[in-house]
Structure formats: C-alpha cells, structure tokens
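[1] Here you go, sequence then predicted model.
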Amino acid sequence: MRTKLKLSARSKKDAEIMLLVSIIGLLDSLKSGILAIEECEQYLFSPYSLDILRRKGIDKRIIDIVHLGTELEDIESLLPDSLDAKIQEFYEAAKNLLKEIKPEGMYYGEKKWLNKK
C-alpha cells in the first residue's frame, strides 16, 4: 500500500529551516551508518532536488550543501579515506547555517508543515 505524505512550508524561511534540519538528519544518519549514500540521494541529495530548490529561490548556501551531498558517492569511490571528514564538514556547514538563519528563541513559523491532505 502506497502512502502519500506532503510536506509544505508557508514561507521561504520555514522551507529553509526544514531543509537544513533534513540535511543535518541525513548526514547524521549517514555518519552513524543508519543510511547509505544512495538512500540520502533518494531523499534529498540529487540533481532533481537541486533543480527544485533553485526554482523555488532557496538560499544558495543551502543549495551548495545539497550539491555537495550529490558528490558523496564520487568522494567515496575516488577518495574513500576522506569521506568521513567530508560528511562531517557538510554536517557542520549545515548546522552553522541553521544557527545563522534561525531567528533567536523559539521559532514555529506560520503553520504546521505536515499537511492533512
């Protein structure tokens, strides 16, 4: 049985925060060995995702991190000894960017991002 789940953001800032939280989670799961690179590519690190993010006007710094995520498979095959360091580098970049763009204090955005429909 197929389940359709739609995520949405009412503002660009909400979308960017949600994307960074997703990136951080994917990279943490990758570091922990829970997800494989191929799975992370299926979720977000793909040329398809890059195209959508560009069209939606998402912050270039987020797009750059996603783009770096698309290169993880190449790093794994060409420079396997540096893979863990690169994952950590991308992870730290995403965390630092989230700290920079998230407003001070509690931030909930305009509405919940998980749609009922």
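    Sure thing, it's come through.

[2] What are the buried residues along stretch 27-47?
    27, 30, 35, 37, 40-41, 44-45 (16 or more other C-beta atoms under 10 Å). Every residue, glycine included, has its C-beta placed from N, CA and C.

[3] hang on, I meant stretch 11-19
    13-17, 19.

[4] what's the helix or strand containing Glu38 packed up against?
    For Glu38, the host element (DSSP states H and E) is helix 37-43. Secondary structure elements in contact with helix 37-43, counted by 3 or more C-beta pairs under 8 Å, 6 or more residues apart in numbering; DSSP states H and E, are helix 12-31, helix 60-70, helix 72-78.

[5] Could I get the CA-only coordinates of the longest one as PDB?
    Spelled out, it's helix 12-31. Below are the C-alpha coordinates for helix 12-31, written out as PDB (Å, rounded to 0.1, in the frame of the first residue of the first chain):
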ATOM      1  CA  LYS A  12      10.800  30.700   2.400                       C
ATOM      2  CA  LYS A  13      12.400  30.900   5.900                       C
ATOM      3  CA  ASP A  14      10.300  27.900   7.100                       C
ATOM      4  CA  ALA A  15      11.300  25.900   4.000                       C
ATOM      5  CA  GLU A  16      15.000  26.700   4.500                       C
ATOM      6  CA  ILE A  17      14.900  25.700   8.200                       C
ATOM      7  CA  MET A  18      13.100  22.500   7.300                       C
ATOM      8  CA  LEU A  19      15.600  21.700   4.600                       C
ATOM      9  CA  LEU A  20      18.600  22.300   6.900                       C
ATOM     10  CA  VAL A  21      17.000  20.100   9.600                       C
ATOM     11  CA  SER A  22      16.600  17.400   7.000                       C
ATOM     12  CA  ILE A  23      20.200  17.800   5.700                       C
ATOM     13  CA  ILE A  24      21.500  17.600   9.300                       C
ATOM     14  CA  GLY A  25      19.400  14.500  10.000                       C
ATOM     15  CA  LEU A  26      20.500  12.800   6.700                       C
ATOM     16  CA  LEU A  27      24.200  13.500   7.300                       C
ATOM     17  CA  ASP A  28      24.000  12.400  11.000                       C
ATOM     18  CA  SER A  29      22.300   9.100   9.800                       C
ATOM     19  CA  LEU A  30      25.000   8.700   7.200                       C
ATOM     20  CA  LYS A  31      27.700   9.300   9.800                       C
END
